[in-house]
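Peer 1: With the sequence up front, the predicted model follows.
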Amino acid sequence: MKKLLLLIASIAIFMGVNAQTGTKSLLLKAGYQTDYKRFGLGLEGRYNITDNIRLAPDVTFFFPKSNTTGLDINLNAHYVFEVQDGLSIYPLAGIGVINNRVSSVDLGGGVKTESHGMTDFGFNLGAGASYDLSDNSYANFEFKYTFQDWDCATIMVGYGVRF
């Protein structure tokens, strides 16, 4: 089941990046996961279905903290409002697959815990803003809350390129 969801998310990302119609862009982002207190780097593809609705699949890697590493895969939808020329805001909603890997820990005296992984499914709600830096590039800010067994909020900033 995990491999199937990973495959579906990967296909969605590549479809969003390589679609033949509509505006598309690629966003490199960095941020912070509040509840786990981890730094993350991610890549997001965006594909406009209409002038206001776009799909935004993304993958984010969260660096180890307390022997726990994370990889989140999301498929979100944005409804874009143009506030003024070059500035837009959007609410977002979507689904996500949240993977965490806990590494083995040496407890001393020759005792170690075993490594294990956890996968959970959830849904995302949030909001973001984009500001055009040029015709083909933009800066982005996003706040997203993921509802799952271990709820968490993520704050990301990024740089995107349209093509």
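Peer 2: Arrived safely.
Peer 1: what's the nearest residue to the residue most central in space within the chain if we skip its chain neighbours?
Peer 2: The chain has residue 58 as the residue nearest its centroid, 4.4 Å off, counting by CA atoms, centre = their mean. Of all residues not flanking residue 58 in the chain, residue 44 sits nearest, at 3.7 Å (CB to CB, 6 or more residues apart in numbering). For every residue, glycine as well, the C-beta is placed using N, CA and C.
Peer 1: Quick check: that neighbour is in a helix.
Peer 2: No - using DSSP: H, G, I helix; E, B strand; the rest coil, the assignment for residue 44 is strand, not a helix.
Peer 1: that older thread, quick one, grab the pLDDT at the residue nearest to the centre of the chain.
Peer 2: Confidence at residue 58, expressed as pLDDT, is 97.
Peer 1: Tell me how far it lies from residue 77.
Peer 2: Residue 58 sits 12 Å away from residue 77, going by CB to CB, to the nearest Å.
Peer 1: same question, residue 159
Peer 2: Distance of residue 159 to residue 77, computed by CB to CB: 22 Å.
Peer 1: If you rank every helix and strand of this protein by mean pLDDT, what lands last?
Peer 2: When each helix and strand of the chain is scored by mean pLDDT, DSSP states H and E, helix 2-18 comes last, with a mean of 53.
Peer 1: chain center to the helix or strand following that one: distance?
Peer 2: Sequence-wise, the next helix or strand downstream of helix 2-18 (DSSP states H and E) is strand 24-33. Here strand 24-33 is found 7 Å from its chain centre; the criterion is CA atoms, centre = their mean, to the nearest Å.
Peer 1: Parallel or antiparallel, list what pairs with strand 24-33.
Peer 2: Strand 24-33 pairs in its sheet with strand 38-48 (antiparallel), strand 152-162 (antiparallel), by DSSP bridges.
Peer 1: and those strands, which is most packed in?
Peer 2: Across the strands paired with strand 24-33, averaging neighbours per residue (mean count of other CB atoms under 10 Å) puts strand 38-48 on top, at a mean of 20.
Peer 1: So which residues make contact with that one?
Peer 2: 13-17, 19, 22-33, 54-65, 68, 70, 72, 78, 80, 154, 156, 158, 160 (CB atoms under 8 Å, 6 or more residues apart in numbering).
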